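[1] the following comprises the amino acid sequence and a computationally predicted model.
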Amino acid sequence: MIDKESKAIDTLLIANRGEIASRIIRTCKMMGIKTVAVFSEADRGMPFVEDADMGVFIGESDPSKSYLDQDKILEVAKKVNADAIHPGYGFLSENADFARKCEADNIIFVGPKPSAIEAMGSKSMAKDLMAKHQVPIVPGYQGADQTVGTLTNAAKEIGFPVLLKATAGGGGKGMRIVNKESEIEEAIESAKREAMNAFGDDEMIVEKYIESGRHIEFQIFGDQHGNVIHLLERECSIQRRYQKVIEESPSPIMDEALRNEMGQAAVNAAKALAYDNAGTVEFIYDEKNKSFYFLEVNTRLQVEHPVTEEVTGLDLVKMQIESAQGLPLNVKQEDVKGRGYAIEARLYAEDPSNGFLPVTGKIVKFDIPKVEGLRVETAIRSGSEISIFYDPMIAKIIVFGNDRKTALRKMKYVLRNLVCLGTKTNQSFLLNLIERTDFERGEYDTHFIQNNIDLNALSNNNSVAANKAAIAATLFDWNKREKNRTVLQSIPSGWRSSFYDYQKEKYLLGEEEIFVRYCYNEGVFDFLIGEEKFKVCIKTMGETIRCEIDGVEQEFTIEKEGQFFYVHNEEVGNISLKQLERFPEKEIEKIEGGYEAAMPSQIVKVLVNAGDEIKEGDALVVLTSMKMENTIRAEKDGVVEEVFVKEGENIEAGCLLVKLG
């Protein structure tokens, strides 16, 4: 029931996109609240738009001209008579100015009050406040003087290595680890550019970099009546590029004494802010000396909030909406009880073997296995495009079990059987990670990936997987030809004047060529791939192929687009094969001294001009794709002969950037 001091929400606008927009819409429908989605050009036809009761176009794909345009979003909110705006996470979720504008327009901002966002939205202000309330903080510099010189001197005083961190955001944007003095100036400039692009604010703090620790965060929740509680912890130490990959609750190292101590510190931090909605207090925990330090408060819903929902049984979005309406919390601290175990893995469009570089492309097939306790949050379906403009996360895979062992078993099964074909992903990497004995024992820290996993060895281009994928692709093509055959149907498929002659196919897996020879006789295929021989027969052929290979029946999912076969199998994983023409195409000649874009990108900065003398390692061009910067550097000494791009330009993969002579 809404009391006299509360304001009902009948229509809610989601100032966000993707899976979090769909997640918010789902709860709103359950609560009987009308939802309005806003969408950019790149997001036309995306599932989250179709999920909403109404969708409104707000501009170009560039976030600064759509999802970050406060005036546009408020204009739409007033036009559709929205009572409230939910900002999700990222974009405007931690923007105090936007929260104030909502307030001024008599629109409920579903989040904490602007003063809390302002205090915690700046990591420097947050550290100052925590220090005043006896919460241990990491040594560092946070100040108004943001000149490169001042930040550089602060780093020298603190001592390398240091961590540069944007005060206005999270998710690894605007963060750099700097190991030596010679790297600091360029790192500051790059981090500032990235922070400005992601958050519209380039203020930085400099901290002593703690080289070994665990990242543990506590979900906090407050209302407008002074009540604040925590909803247990999440372990988020498995990270790459400063972004979380695996989250779980409870933490493998947590006991009740530590949980009470850290939980109380989180609640105290929230009370210092008079906190009144969902938030997260993040700590770095040193397992060796059993001490923890405050990192930051995220004044929004976290990406990993489903983990907390699974172990507490609470709907955090529902609680957010209720709190924003002025309702008191209906949960007390003593009511919060953890049950079972929940683990979340983030599926990204990225190449782990290439430094987790984001990739773009079309998801030609997306299919999720049915497992008890599985929850998948996604904005992707078969046919969706991965854009250069937004974060490359495809889905959040969450599993719940009675204990950690059960949850891990379910996660392994899901990662083996989830079909995501068409572009590179980190799916095999995630499976490799959770199958490790040290991870299963909970023995890891924030450097686990870089210190323990050989990314170059993760490729699924092993011969067994490659051969089986090639067999499946060949059977798929053979069956299609048989169905389409209209002449000489009485002659066996693949008939040759010499009975012993093989039909032939060639595929490329990465740069490896796979030469397949096969013949068909009375329902059985004889395959020869290299020196390996296989007896194969087709069992069923429909949306999937079930075949018997040397006496073992297996099922394959296959999609074909142009020359490419996209193959999935529990053992094989996800593999892309390129079918080669019988007469190979002439290779495109590489320009000597030319530097190309590895993926579709936007040119952030051109650092050289024609005629400049360049030394090996010098920065040439700065690119950005999916909110992450990438600097192209000279591989050897030379002179710039020509520059082919300009700042602000959007380019395709393979675009020639600079030529050195």
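    Okay, I see it. Everything numeric here is computed off the predicted structure, so don't read it as measured data. Numbers count the residues shown, from 1 in each chain.
[2] could you measure from Val49 over to Thr35?
    From Val49 over to Thr35 the distance is 11 Å, taken as C-beta to C-beta, to the nearest Å. To be clear about C-beta, it is placed using only N, CA and C from the backbone, and glycine gets the same treatment.
[3] neighbour count winner among these two?
    For Val49 versus Thr35, the count of surrounding residues by other C-beta atoms under 10 Å is larger for Thr35: 24 against 21.
[4] tell me what that one is bridged to.
    The residues listed as beta-bridge partners of Thr35 by DSSP bridges are Leu12.
[5] quick one: it from Asp10, how far?
    Relative to Asp10, Thr35 is positioned 11 Å away (C-beta to C-beta).
[6] same check on Ile25?
    In this structure, Ile25 and Asp10 are 15 Å apart, going by C-beta to C-beta.
[7] these two: who's more crowded?
    Neighbours of Ile25 and Asp10, each counted by other C-beta under 10 Å, are more numerous for Ile25; the result is 25 against 11.
[8] max-length helix in this structure?
    Residue-count comparison of every helix in the chain, with assignments taken from DSSP state H, identifies helix 463-484 as the longest.
[9] what comes up buried for that one?
    If you call a residue buried by 16 or more other C-beta atoms under 10 Å, then helix 463-484 has these buried ones: 465-476, 478.
[10] so after it, what's the next helix or strand?
    Proceeding N to C from helix 463-484, the next assigned helix or strand is strand 503-509, under DSSP states H and E.
[11] which elements pack onto that following strand?
    Based on contacts counted as 3 or more C-beta pairs under 8 Å, 6 or more residues apart in numbering; DSSP states H and E, the elements that strand 503-509 packs against are helix 463-484, strand 512-521, strand 573-579.
[12] of these, which is nearest Ala21?
    For Ala21, the closest of the helices and strands packed on strand 503-509 is strand 573-579, at 26.4 Å, according to C-beta to C-beta.
[13] can you tell me what sits against the helix or strand just after that closest one?
    Scanning forward in sequence from strand 573-579 by DSSP H and E, the next helix or strand is strand 594-596. Judged by C-beta atoms under 8 Å, 6 or more residues apart in numbering, the contacts made with strand 594-596 from elsewhere in the structure are Leu620, Val621, Ile632, Gly654, Cys655, Leu656, Leu657, Val658, Lys659, Leu660.
[14] switch the cut-off to 7 Å
    Counting by C-beta atoms under 7 Å, 6 or more residues apart in numbering, the neighbours of strand 594-596 from elsewhere in the structure are Leu620, Ile632, Gly654, Cys655, Leu656, Leu657, Val658, Lys659.
[15] pull out the buried residues from the residues you listed.
    Buried members of those, scored by 16+ other C-beta under 10 Å, are Leu620, Ile632, Cys655, Leu656, Leu657, Val658, Lys659.
[16] host element of the first one?
    Read it as Leu620. strand 619-625.
[17] so for that strand, mean pLDDT?
    Across strand 619-625, the average pLDDT comes to 87.
[18] residues in contact with that strand: which ones?
    For strand 619-625, contacts defined as C-beta under 7 Å, 6+ apart pick out 186, 197, 358, 388, 595, 597, 599-608, 629-634, 645, 657-658.
[19] in strands only, show me those residues.
    Taking DSSP state E as the definition of strands, those contribute 358, 595, 601-606, 629-633, 657-658.
[20] neighbour-wise, give me the winner out of the residues you listed.
    Counting neighbours by other C-beta under 10 Å, Ser601 comes out on top of the ones in strands among the contacts of strand 619-625 with 28 neighbours.
[21] hang on, the earlier thing: from the ones in strands among the contacts of strand 619-625, pick the one nearest Gly172.
    Minimum distance to Gly172 across the ones in strands among the contacts of strand 619-625 is 11.3 Å, recorded for Glu629 (C-beta to C-beta).
[22] give me the pLDDT value at that closest one.
    pLDDT, the model's per-residue confidence, is 79 for Glu629.
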